[in-house]
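Peer 1: using only what follows, build the 3D model:
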Amino acid sequence: MALRCRQHRVFGMREWSPHTEEKISILADYLGEFTVAARTAVNRIYMDLFAGETVNILKTTGEQFPGSAEIARAVEPPFTSLILFEKDHQRATDLRTLARDHGDSRVTVVEGDCNANMLAALRAVPTQAPVFAFVDPDGMEVQFRTIELLAEHKRNSGKPKIEMWVLLPTSGLVRMLGGNRSEAERQGHPDKVARLYGAWGPWQDVWEARLAGTLSPGDARLAYLLLYMDRLAGLEYTYLLARPIKNSRGELYVMVFATDHPAGQSIMQWAQEKDRVVRRTATPPLFQYPEARPAYEDIHTEWREQFPVSLSEWVEYQW
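Peer 2: All right, here's what the predicted structure looks like:
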């Protein structure tokens, strides 16, 4: 799906780095294939837990590119229902305006915290419907119990689980926990991390090794990712794919895809391995060429056996 752009800046819109446009373009490719695969279903549902702006500005060129909600709304074959969560009042209003201006009755905007509103929203989601959830927070806003609600919604339906594509702030975890235990605890950071994982235990072991200097920041970042994939595997997701998103200075975060359908895995792997233009500079498009993407490696299977730090058992968070 082509991403529409305009050549002028709009006051008040957030500016984003090229890696964000890259992420949205991957989403567009995947959703287009998702609805094709689900075209015979009576209902096809898109959920966006942090719907954000309707249009965004690319820092490098000043051009506009659509937000995730507009991408999902324009997919063909269409989703029959779109559930958009947005905590910010003005952004939620803009999302409603986008739907109204297009006469799009499929869109439901849930204003407020997705963690607080997920259970009620899922009551309107048929358990027989193919569902894709885009979980794209700015940081560690999504709680694991929300991920659990999504994963459990279709249990005993005989249908694949809700697919999800989740931003995990790997570099943010290393930076926020940091090397000063008392300062991290004073700011409540360990509790935030426990809510992200829905548990205590192994991630604390990684942090302890980091504090002791026995793990490098890069090794800790990878361990935090693999532990999150462990938690998703514990929800009985069969296929897990991880794709780091980077800028010129290194890894920013990792997008983790979870599905229990082999077709979902194949389509997402295609979308993320696909060569694509990343507009890192203001160079005219004529001189920008698609960049090759590395093939996927299975980094998750049996990783604990090779990890140099002993890891404890998970202790579930008491919500």
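
Peer 1: make it CA atoms for all contacts and neighbour counts henceforth
Peer 2: Will do.

Peer 1: longest helix anywhere in this structure?
Peer 2: Longest helix of the chain, by residue count under DSSP state H: helix 18-37.

Peer 1: give the next helix or strand downstream of it.
Peer 2: Using DSSP states H and E, the helix or strand that follows helix 18-37 in sequence is strand 45-48.

Peer 1: which residues touch that next one?
Peer 2: Strand 45-48 is contacted by residues 68-69, 72, 79-85, 125, 129-136 when judged by CA atoms under 8 Å, 6 or more residues apart in numbering.

Peer 1: ok, stretch 31-38 next?
Peer 2: So stretch 31-38 is in contact with 1, 44, 72, 75-79, 130, 264, 267, going by CA under 8 Å, 6+ apart.

Peer 1: what residues of that stretch count as buried?
Peer 2: Across stretch 31-38, burial judged by 16 or more other CA atoms under 10 Å covers 31-35, 38.

Peer 1: picking that back up, tell me which of the contacts of stretch 31-38 is nearest to E297?
Peer 2: I267 (15.8 Å; CA to CA).

Peer 1: ok, that closest one touching Y30?
Peer 2: Yes. Assessed by CA atoms under 8 Å, I267 is found in contact with Y30 at 6.6 Å.

Peer 1: how near is Q143 to R195?
Peer 2: According to CA to CA, to the nearest Å, Q143 stands 5 Å off from R195.

Peer 1: next: Y30.
Peer 2: 29 Å.

Peer 1: same check on L211?
Peer 2: 21 Å.

Peer 1: bridge partners for E15, pull those for me.
Peer 2: I57 (DSSP bridges).

Peer 1: start the count at 41 instead of 1 going forward.
Peer 2: Sounds good: first residue 41 from here, last item E55.

Peer 1: what does stretch 267-287 rub up against?
Peer 2: Contacts of stretch 267-287 (CA under 8 Å, 6+ apart): 59, 188, 191-192, 201, 237, 242-243, 291-302, 305, 309, 312, 336, 340.

Peer 1: distance between the ends of that stretch?
Peer 2: 23 Å.

Peer 1: also stretch 138-149?
Peer 2: Terminal residues of stretch 138-149 lie 11 Å apart, using CA to CA.

Peer 1: list the buried residues in it.
Peer 2: Using 16+ other CA under 10 Å as the test for burial, stretch 138-149 gives 138-139, 147-149.

Peer 1: not counting its own residues, what contacts that stretch?
Peer 2: Here stretch 138-149 makes contact (CA under 8 Å, 6+ apart) with 94, 120-126, 132, 135-136.

Peer 1: next: stretch 248-266.
Peer 2: Applying CA under 8 Å, 6+ apart, the contact partners of stretch 248-266 are 208, 210-211, 213-214, 218-221, 243, 246-247, 294, 339-340, 343, 349.
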